[in-house]
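Asks: Model the structure of this input:
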Amino acid sequence: MAASPQNPAASAPRRKVSRHRGEGQWAVGHFTPLNGNEQFKKDDDGLNVRTRIETIYSKRGFDSIDPNDLRGRMRWWGLYTQRKPGIDGGKTAILEPEELDDEYFMLRVRIDGGALTTRQLRVIGEISQEYARGTADVTDRQNVQYHWIRIEDVPAIWERLEGVGLSTVTACGDTPRVMIGSPVAGIAEDEIIDATPALEEMKRRVLNNKAYSNLPRKFKTAISGSPLLDVVHEINDVAFVGVRHPEHGPGFDVWVGGGLSTNPKLGVRLGAWVPIDEVPDVYEGVLSIFRDYGYRRLRNRARLKFLVADWGAEKFRRVLEEEYLGRPLVDGPAPEQPVARWRDHIGVHRQKDGRFYVGFAPRVGRIDGATLTKVADLAEAHGSGRVRTTVEQKMIVLDVPQDKVDSLVEGLEALDLTARPSSFRRGTMACTGIEFCKLAIVETKQRGSQLIDELERRLPDFDEPLTINLNGCPNACARIQVADIGLKGQLVLDDRGEQVEGYQVHLGGALGLEPGFGRKVRGLKVTSDELPDYIERVLKRFQAERTDGERFAAWAARASEEALS
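Replies: Okay, the predicted model is just below:
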C-alpha cells in the first residue's frame, strides 16, 4: 500500500543520487526544495491555510494576506486571485503577479463525479447571487466556479456549502483535484459497471489527507464505467475505464500519464484489469508514485506525464505492483471504441429503470446563480432531485418519468438551456478567458457565445458532430489540442498591421474514436473578428470534400493546407 504520511518515501528503496540536485524526487533522497513553490509547501502544508483565512484574513481583509498564501496555499481551498479589470492581453506576460491581482477571488466548488442534489444546486445558486455577482460557470471538469468573491465572505460561503455536503478542498493546488466521473453512473442502460462506490472510497481516502496534500503538481483523476468513454480519460493523470474481462467480468482498465497544457501527452494503458473493490488501492498507489517519484525541480516538468514518458508503462506498472501494492495486477483488455456520435449525454435518454435523463447545454458553460436555482426547481418538479454536471460544460437532470419529459424540456428551453442544441451550441467550449484569468491573453466566453449564434445563422443545416474549443492562452484548459477546431488565444496582426486579439488554429484533434492532437497549419492564425468567416469557410470545404460518413477530424488530417486556410 501507499507510504506512510509521516515518511512519504518510506516504502520506496533508496537509490544512488546521480546528480547533485536531480529532479527533486523524494524517493531517491531529494528532499531539499528546488524552487519557491516547493519551499512554501515545505514551510507549511496548504491545507493549514484555512485556519488563517477564517481567523485572520477574513477579518483583516485582502491586504493582510501573506503572499505565499495569496498566490500559493489558498489554492488548496479552491481560491485564486482573479485578473484586475482593464489589463489587456499584451501585458499578461509582462506585469508582476501583484500588478495583475484583483482584490477578488475565483472560488472553485469541487463536484466529484458531477453529482449534485437539487438542494446542493440551489445553495450553489444562492451563494452565486449573494456573494459572486451572479457568476457560476460550469467547467469541463464538472466543477462550478464563482468570481468576484471577497475574502471577508469566504468563511460564510464554506459554511453554506459544507452544510449541504459540498466543499472547495483541494479544488486547486498541487493536490488530487476533483475526480471526474460518468454523469450517468448507476442509471445508464448501456453501462458496463457503476463506478460510484470506487469514486466515493477514493474521495474518503485522499481528501483532507496530508499524505497527499504535497504533490509535485496538480493530479487529475477520471473514472467511468460507460461504454461512451465519457470522461476524457486519455488526458488525465490516472483514469479507470470500464471494460469486461473475458474471465473476470466487469472491471476497469488503468491509464496513466495523460495531460495537455503546453506539452500535451495522451495517457498510456498499463494493460491491467482491476476489479472495482481494488480501484481505491491502485489509485492510492499511482498517487503515491507521483508524490514520491514525481519531478519537483522544474514546475513545467512536474506533471506525472513526464515521469510516465521517461519510465514507460512497463516500468510504471512494475513499480506500482512491487513497491506500492505488493501484488501483481491482472492483465486485461483495452476499452472498446465507442460507436455513439456524441459522448456528452445531451438530449433525452432512457435509464435502466425505465425513467429518463435529460441533458442540456448552457452556452460555453456560462450560467448564473438565478438560473441554477430555477434548474433546481425544474429538477425537483420533474425528477427525483438529482442533477449532474458533465466534462463538456453541460448539465443533466436525472430520473424523469416519461410523462414529464416534454414539460421539463420546455422549461429548460425557456431558460435558454436547450436539450436540442445545434452542433455548434452542443460542441463549443470555452475557458474563463481574459475577463477573470490572469494567464489569459484574449476573451473567450463571450466570443464563444457570439460564434455559436453566428454559425447557427450561417450554417443552419449543419448537423455533424463538431467540437470548437476556445482557450485564452496556451495552457489548454479548454482542451484545444483534442478539439475538431481548437483555438489558442494569442495576439495577432490584422490587415492594417495592428495587434489584436486572435487565435492560433488546431484542426482535427480527437478523443475516443481515434485519439490524437490537432494539426497546426503553418502560419494559420485568425483574428477574433475573422473567426466566423474562417470556420464557415472550412466547414463548407469539409462538406464539399468529405467522403460518405467521414468525420471532421479524419478529413482535416488529409485535407490540403489550402483547404484548411
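Asks: how about low-confidence regions in this structure?
Replies: 1-21 (pLDDT under 70).
Asks: residue closest to the middle of it?
Replies: Arg141 (3.1 Å; Cα atoms, centre = their mean).
Asks: Now do the strands in the stretch 151-300 of the chain.
Replies: 176-181, 219-224, 238-245, 249-256, 268-274 (DSSP state E, counting those that start in this stretch).
Asks: Relative to Leu455, which of these is closest?
Replies: Leu455 lies closest to strand 176-181 among these, at 28.0 Å (Cβ to Cβ). Quick note: C-beta positions are derived from backbone N, CA and C, even for glycine.
Asks: mind listing what that closest one pairs with, with the direction of each?
Replies: Strand 176-181 sits in its sheet next to strand 219-224 (parallel), going by DSSP bridges.
Asks: Go ahead and produce PDB holding the CA coordinates of the partner strand.
Replies: What follows is strand 219-224, C-alpha atoms only, in PDB (Å, rounded to 0.1, in the frame of the first residue of the first chain):
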ATOM      1  CA  PHE A 219      -3.200  15.500 -10.200                       C
ATOM      2  CA  LYS A 220      -6.300  14.800 -12.300                       C
ATOM      3  CA  THR A 221      -8.400  11.700 -12.000                       C
ATOM      4  CA  ALA A 222     -11.200  10.200 -14.100                       C
ATOM      5  CA  ILE A 223     -13.300   7.100 -13.600                       C
ATOM      6  CA  SER A 224     -16.200   5.800 -15.700                       C
END
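Asks: For Gly326, see how far away Ser372 is.
Replies: Let me fix one detail, which is that residue 372 is Leu and not Ser. 46 Å (Cβ to Cβ, to the nearest Å).
Asks: Apologies, that question was intended for Thr118.
Replies: For Thr118 relative to Gly326 (Cβ to Cβ), the value is 44 Å.
Asks: With neighbour numbers in mind, choose between the two.
Replies: The residue with more neighbours, out of Thr118 and Gly326, is Thr118; 21 against 11, by other Cβ atoms under 10 Å.
Asks: Is that one in contact with His382, as I believe?
Replies: No - taking contacts as Cβ atoms under 8 Å, Thr118 lies outside contact range of His382: 10.5 Å.
Asks: Tell me the gap between the helix or strand containing Val500 and the middle of its chain.
Replies: Per DSSP states H and E, Val500 falls inside strand 499-507. Averaging C-alpha positions (Cα atoms, centre = their mean, to the nearest Å) puts strand 499-507 22 Å from its chain's average.
Asks: and of the strands of the stretch 151-300 of the chain, who's closest to Glu336?
Replies: strand 238-245 (7.7 Å).
Asks: contacts for the closest one?
Replies: For strand 238-245, contacts defined as Cβ atoms under 8 Å, 6 or more residues apart in numbering pick out 191-193, 195, 198, 219-227, 229, 231, 233, 250-256, 258, 267, 273-274, 279, 282-283, 286-287, 304, 330, 332-336.
Asks: Derive a PyMOL selection command for the buried subset of the residues you listed.
Replies: Only the buried entries of those go into this PyMOL selection, using 16 or more other Cβ atoms under 10 Å:
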select buried, resi 191+192+193+195+198+219+220+221+222+223+224+225+226+227+229+231+233+250+251+252+253+254+255+256+258+267+273+274+279+282+283+286+287+304+332+335
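Asks: Between the two ends of stretch 387-399, how far is it?
Replies: 9 Å (Cα to Cα, to the nearest Å).
Asks: for stretch 470-479, same thing?
Replies: The straight-line separation of the ends of stretch 470-479 (Cα to Cα) is 8 Å.
Asks: hmm, who's touching that stretch?
Replies: 92, 140, 232, 235, 260-262, 264, 364, 428-434, 437, 439-444, 447-448, 451, 469, 480, 486-490, 503.
Asks: List the pairing partners of the strand holding Val500 within its sheet, with orientation.
Replies: In the sheet, strand 499-507 lines up with strand 485-493 (antiparallel), strand 519-527 (antiparallel) (DSSP bridges).
Asks: distance of Phe306 from Glu23?
Replies: 9 Å.
Asks: for Asp174, that is, sorry about that
Replies: Applying Cβ to Cβ to Asp174 and Glu23 gives a distance of 15 Å.
Asks: if you count what's nearby, which of those two comes out ahead?
Replies: Taking other Cβ under 10 Å, Asp174 and Glu23 do not tie; Asp174 has more neighbours (26 against 20).
Asks: contacting residues around the closest residue to the more buried one other than its chain neighbours?
Replies: Spatially, and ignoring its direct neighbours in sequence, Asp174 is nearest to Leu215 (4.7 Å; Cβ to Cβ, 6 or more residues apart in numbering). Contacts for Leu215 were tallied using Cβ under 8 Å, 6+ apart; they are Asp174, Thr175, Pro176, Leu287, Phe290, Arg291, Gly294.
Asks: make it 10 Å
Replies: 41, 170, 173-177, 237, 287-288, 290-292, 294, 296, 302-304 (Cβ atoms under 10 Å, 6 or more residues apart in numbering).
Asks: Show me which of those residues are buried.
Replies: 41, 170, 173-177, 237, 287-288, 290-292, 294, 296, 302-304.
Asks: Looking at those, which are in helices?
Replies: Lys41, Leu287, Ser288, Phe290, Arg291, Asp292, Leu304 (DSSP state H).
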